[in-house]
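>>> take this sequence and fold it.
(2 chains)
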Amino acid sequence: MAAPESGDGNNGAARMVTLISSDNTRFEVEAAAASLSQTLQLTILDGGGGGGDGIPLPNVDSATLSKVLEYCIKHAPAAANGGAPNATAVDRAELERFDNEFVNIDQSVLYSLIMAAHNLEIEGLQSLVAKKVADMIKGKSPMEIRRTLGFPDPTPEEQAEMNAHMLEYGWAYE
Amino acid sequence: MRRQERAEAAGESAWPDLPPELLDRIIRSLSPVDRVAVRLVCASWRACVRESFPSDLPFEVPRLLIRRPSGHGGELAFFSLRDRRILPFRLPDRLRADPSTSPRLRCSPCRRWSSRARRPPVECWVAAALGRGGTIALFHPAVSSWMTIGIEEGERRGGFRDMAFWRGGLCALGYDGAVLAFRADLGARAATVSVLREAGPQPPPQVEVGVLMYLVESEGELMLVRKLYRSLREVDLDVEVRLLVSPPEKRRWDLLAETPGMALFVGAVVSAAVPVALYNASASGTGFQIRDSCVYFARREVEMMTPHAICEYSLLDEQIKGVPVAGGHDVHVDPVWITPVV
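Model (predicted):
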């Protein structure tokens, strides 16, 4: 458990901050974990989020926030080591296993996650979800991509464009 | 899963609204082929991919599709005439078809052909496919079914060898040299036909070796390119370009001595008239410059002269020039011009 270097002078326990989701659920997490978010890091450095105040996050619902924090808590120790030059291969393998498992979720949850990671500026999480979505797209036709990501049925114009495309490129998807 | 299905049914997916910087992250690791598919997913995604990867597309039009020699893996590849090099655009391994054996396809924006569709007529695409047997199938997305046309006429003409969309109708070129214009109502599954050109005179048998003909549509005009070989042993070609003169009922096809400002690209899959200035302006300083009043044949007849070459025929001086396909292609598979639509 790593204490944040920029602590508030309370050296014994790790500093905790409170985050408040859009549906008013309160999450108490270590400042080190929350600081994976560039946005939150600034607020925390300014002394926000401590005590009873809490940092409101009007763009993130509680289900998404709990998922985001699960990621942050897991990655905080490695991040605190500055990219973890002294991390063991076992640690890295464990993180990779966690990441793979973590994004093995429904596309709608992936969307909420990447939007939250974007808003909160969590670099690692954005990359992780982007890579997962890219893997879901690889080798698929436009229509298959739409189905995979739960797009609504195409409008006649979109359908016409896809048909025209498939006439030119259809052989690429046989 | 349930949640996803519900979202699908209600059209709730938020992915079309994904901020461009996030989509950019996603597509960065994709291959060009996958990015082409992403372009077609929806309008906002297309705008984003175009912005981030302008080099993938647009293909300069037209582009040559070739099969590489077996020494180079034998895969399909694109050759850029402008840069005179094989493009680093790898086609998927699952692609097996030869370019010259796929059916001919033509697409046309159209608003007239959906008279019986439930929705009011809208601007959309009509596609036509010419099968190997010479039958023509039309497809209209608003009707969502294929319709074959011209079966009887085709039989009488020895099948069709080429076709082109022209002034809201589909023109088909018979093996006997006749040009027919079809006006189809896909909703009613009926087509009317009129003759734009009678069967051409047969070339004198003593010199006839082979004739190839192509239909080219350009800015509302219809052209017929006819190539006659006098001999297979040496390069001895006659190339004729004829233009259908208005009004079309007169069936007058004037011989063109030149096509000012335009070059014609003809091939088994796509033929096109290309504005020379536009094409050359987009070529880099050292790029290959096309010439006006020239016809560019993708077929490899010119191997008699230069192996692995595109044939440039000038209407002005009737001279033939080979443009080498650097890197070479499998001479058993005819290259074709293609014009990808994205």
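>>> quick one: the helices in the stretch 151-300 of chain B?
With DSSP state H, counting those that start in this stretch applied, the stretch 151-300 of chain B shows helices at B:151-156, B:276-282, listed in chain order.
>>> give the buried residues for the last one.
Looking back up the chat, that one is helix B:276-282. Judged by neighbour count (16 or more other CB atoms under 10 Å in any protein chain shown), helix B:276-282 contains these buried residues: B:276, B:279, B:280. For the C-beta atoms, the positions are set from N, CA and C on the backbone; glycine is no exception.
>>> cool, the first one as well?
Residues B:153, B:154 are the ones in helix B:151-156 that count as buried (16+ other CB under 10 Å).
>>> now do the domain split for chain B, please.
Partitioning chain B according to automatic domain parsing yields domains covering residues B:1-57, B:103-197, B:210-338.
>>> start to end distance for the last one?
Looking back up the chat, that one is domain B:210-338. Its first and final residues considered, domain B:210-338 spans 24 Å by CA to CA, to the nearest Å.
>>> I'd like to know which of the buried residues of helix B:276-282 is nearest to chain A.
Chain A has its nearest neighbour among the buried residues of helix B:276-282 in residue B:279, at 20.0 Å by CB to the nearest CB.
>>> so who does residue B:163 touch?
Residues in contact with residue B:163 (CB atoms under 8 Å, 6 or more residues apart in numbering or on different chains) are B:104, B:106, B:128, B:130, B:136, B:170, B:171, B:172, B:173, B:215.
>>> domain map for chain A?
For chain A, the domain assignment from automatic domain parsing gives the residue ranges A:16-138, A:141-174.
>>> so which of the ones you listed comes closest to residue B:239?
domain A:141-174 (27.8 Å; CB to CB).
>>> can you redo the helices of the stretch 151-300 of chain B as a markdown table with mean pLDDT and distance to residue B:290?
Supplementary listing: these in a markdown table, determined by pLDDT from 0 to 100; distance: least, CB to CB, whole Å:
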| stretch | mean pLDDT | distance to residue B:290 |
| --- | --- | --- |
| helix B:151-156 | 84 | 34 |
| helix B:276-282 | 76 | 6 |
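>>> so which of those gets nearest chain A?
Across the helices of the stretch 151-300 of chain B (criterion: CB to the nearest CB), the nearest stretch is helix B:276-282, sitting at 20.0 Å.
>>> about what we covered before: just the buried residues of helix B:276-282 now: which is nearest residue B:68?
When the buried residues of helix B:276-282 are ranked by distance to residue B:68 (CB to CB), residue B:279 comes first, at 25.1 Å.
>>> you'd agree the closest one is up against residue B:82?
Yes - using CB atoms under 8 Å, residue B:279 is in contact with residue B:82, at 7.4 Å.
>>> mind telling me what element the closest residue to residue A:151 other than its chain neighbours is part of?
For residue A:151, ignoring the flanking residues on the chain, the nearest one in space by CB to CB, 6 or more residues apart in numbering or on different chains is residue B:13 at 4.9 Å. Assigned by DSSP states H and E, residue B:13 falls within no helix or strand.
>>> how many neighbours does residue B:13 have?
Other residues within reach of residue B:13 by the criterion other CB atoms under 10 Å in any protein chain shown amount to 19.
>>> pLDDT at it, what is it?
Reported pLDDT at residue B:13 in the predicted model: 79.
>>> run through the bridge partners of the residue lying closest to residue B:297 once chain neighbours are set aside.
Here the nearest residue to residue B:297 in space, its sequence neighbours aside, is residue B:311; by CB to CB, 6+ apart that works out to 4.2 Å. Under DSSP bridges, the beta-bridge partners of residue B:311 are residue B:297, residue B:322.
>>> mind checking pLDDT for residue B:311?
pLDDT recorded at residue B:311 is 85.
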